[in-house]
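Asks: using only what follows, build the 3D model:
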Amino acid sequence: AYRRDGLASSADTIQRFRIAALPPAAGGSAAAAGESFRLVSDAPWVSRSAPTVTLDQNGAALVEVRYDASQLAQPGRYVGTVFGHSVSDSASGPLFALPNTVIVTDTAAAFAARSRKAPGGTAARFFIRVPAQGAGLAVRAVARDSLVPGVLSLYEPSGRPSRATEALNLGGDGPAHVSAVLSVNDAVPGVWELVMQSLPGREFRYDIEASVPGARIAGVDSNSATPRVTFAAASTADTTLTVTAEQLGITRLRDIAIVNGAPVRDTLEPPSWATALVVEISIPRSQWSAVTDFSMVAYDRDGAQLGQGAMNYDFHRFEVELPERRAGSFPVQVELFPAFAHEGAPARFDLRMRVTFVGAARPLQVSAGRDVTAGSDSASVRIPGGGTASVTIGALRPLPPAPGWDEWIRVRAVDRRTDWVVLERYIAVHRAP
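Replies: I've put the predicted structure just below:
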């Protein structure tokens, strides 16, 4: 049992397991029915409802395990296992194990761990919950001894490495201070795991902090050339934000159908101002198990590879740098090449692809409220406790090519009291037809 999101409530203390004997064809005993097992827990917070369990006439049984919520008060990862020993053979080892893992996050939207020590070759785990309402996440860490290396890894609620920042190396050959800002686009809601890993041989001393911004993005109106972004306070305290915005490039989001497993090729013409191409592929979770391999390759006009990526999870992003001083037309072909866990490929397989051309960031005008004419490169916005406030963004300059493409902008908001905790979101601003 894996409770990544912790216990649902203080009354959520029962976990049931169904056990069954292997059939004789798989090496089990034909006389398994009626066999009894003594249940033993290796953790004080895990107990069994009955000391023994007996298989029924079908060779199966239900085991009920109870959790002591009072012993799960401190944030962290709790692991406890109930083992089943044969009642008829007291000398035998455990014949089955029922593991239980419960993650307990801090109830606050931030944590700070200072002057921590990790012996060589060990890992320390920290957990923080990111709410569902457009909040993002900020992380920073410091190596107390800059000569000793460590690695900070970030994992999403599903357990996959962060799609934005998988790992940060600090100390040793890396910087002593590291930080990461996960945008609203990339900070998947749920319980995040931060793992500080020390390398073998030397103790690693460090500080680590993580925080969910004190405001969230409650709404975006991006259907005009002057988009509006609404911020909401995450608490009852007043919050003052400094908001900036930048125009990064253009983007296009399309639904793609793979027919009979055939590769899909999309030919694009990068604008002259573009310095990079970013490709994002998203496959519905319900369909992901049908895929065994999925490669993405970008080719230039001569067939040379510009970059590639391989999907290990249902979302993948890869970036390709474009050559500088391109002369004339420079078509780029993006190829999607799937492989399926079936003898025959499905007749149709749907996915979503976002293609973005990015160039030098250009500051945009931001104004509090609706009057974009009073805007400047930044705006100070006061959000009353429990309330909302909006900004309007202007001075977008249409970037070719226009048909089917949207402007791609980034909005950032910083609370003056915690300037390292940045609320960030990338927004596609729809162009009028």
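Asks: ok, residue 276 touching residue 320?
Replies: Yes - if you go by Cβ atoms under 8 Å, residue 276 and residue 320 touch, sitting 6.4 Å apart. For glycine as for every other residue, the C-beta is placed from the backbone atoms N, C-alpha and C.
Asks: more neighbours: the two, which one.
Replies: residue 320 (21 against 16; other Cβ atoms under 10 Å).
Asks: which residue comes closest to that one once chain neighbours are left out?
Replies: residue 307 (3.7 Å; Cβ to Cβ, 6 or more residues apart in numbering).
Asks: what confidence value was assigned to the one you found?
Replies: Residue 307 is assigned 92 on the pLDDT scale.
Asks: can you name every helix or strand that the helix or strand containing it contacts?
Replies: Assigned by DSSP states H and E, residue 307 belongs to strand 305-310. Using 3 or more Cβ pairs under 8 Å, 6 or more residues apart in numbering; DSSP states H and E, the elements in contact with strand 305-310 are strand 291-299, strand 315-321.
Asks: residues of the longest strand belonging to the chain that come out buried?
Replies: Counting by DSSP state E, the longest strand found in the chain is strand 239-259. Within strand 239-259, the residues that count as buried by 16 or more other Cβ atoms under 10 Å are 239, 241, 243-252, 258.
Asks: which positions in stretch 119-126 come out as buried?
Replies: Within stretch 119-126, the residues scored as buried using 16+ other Cβ under 10 Å are 124, 126.
Asks: what's the distance between that stretch and the middle of its chain?
Replies: Computed by Cα atoms, centre = their mean, to the nearest Å, the chain-centroid distance of stretch 119-126 equals 21 Å.
Asks: extract the CA atoms of that stretch and return them as PDB.
Replies: Extracted C-alpha coordinates of stretch 119-126, given in PDB (Å, rounded to 0.1, in the frame of the first residue of the first chain):
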ATOM      1  CA  PRO A 119      26.500  10.700   5.700                       C
ATOM      2  CA  GLY A 120      28.400   9.600   2.500                       C
ATOM      3  CA  GLY A 121      26.200   7.600   0.200                       C
ATOM      4  CA  THR A 122      22.900   8.300   1.800                       C
ATOM      5  CA  ALA A 123      19.800  10.300   0.900                       C
ATOM      6  CA  ALA A 124      17.400  12.600   2.800                       C
ATOM      7  CA  ARG A 125      13.900  13.000   1.700                       C
ATOM      8  CA  PHE A 126      11.600  16.000   2.100                       C
END
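Asks: how far off centre is the longest strand of the chain?
Replies: Chain-centre distance of strand 239-259: 17 Å, with Cα atoms, centre = their mean.
Asks: how much space between residue 42 and residue 387?
Replies: For residue 42, the distance to residue 387 equals 50 Å [Cβ to Cβ, to the nearest Å].
Asks: out of the helices and strands packed on strand 305-310, which is closest to residue 160?
Replies: Set against residue 160 and scored by Cβ to Cβ, the helices and strands packed on strand 305-310 come closest in strand 315-321, at 8.5 Å.
Asks: list the buried residues of the next helix-or-strand element following the closest one.
Replies: Of the helices and strands lying after strand 315-321 in sequence (DSSP H and E), the nearest is strand 332-340. Neighbour counts over strand 332-340 (16+ other Cβ under 10 Å) mark 332, 334-338, 340 as buried.
Asks: check stretch 25-40 too.
Replies: By neighbour count on 16+ other Cβ under 10 Å, the buried set for stretch 25-40 is 32, 35, 37-39.
Asks: next one: the most centrally placed residue in the chain from residue 412, what distance?
Replies: The chain has residue 156 as the residue nearest its centroid, 3.4 Å off, counting by Cα atoms, centre = their mean. Per Cβ to Cβ, residue 156 is found 22 Å from residue 412.
Asks: same question, residue 391
Replies: 11 Å.
Asks: list residues touching both of the two?
Replies: residue 243 (Cβ atoms under 8 Å, 6 or more residues apart in numbering).
Asks: the two: which is more packed in?
Replies: residue 391 (26 against 19).
Asks: where does the more buried one fall, helix, sheet strand or coil?
Replies: Residue 391 falls in the strand class when you classify it by DSSP: H, G, I helix; E, B strand; the rest coil.
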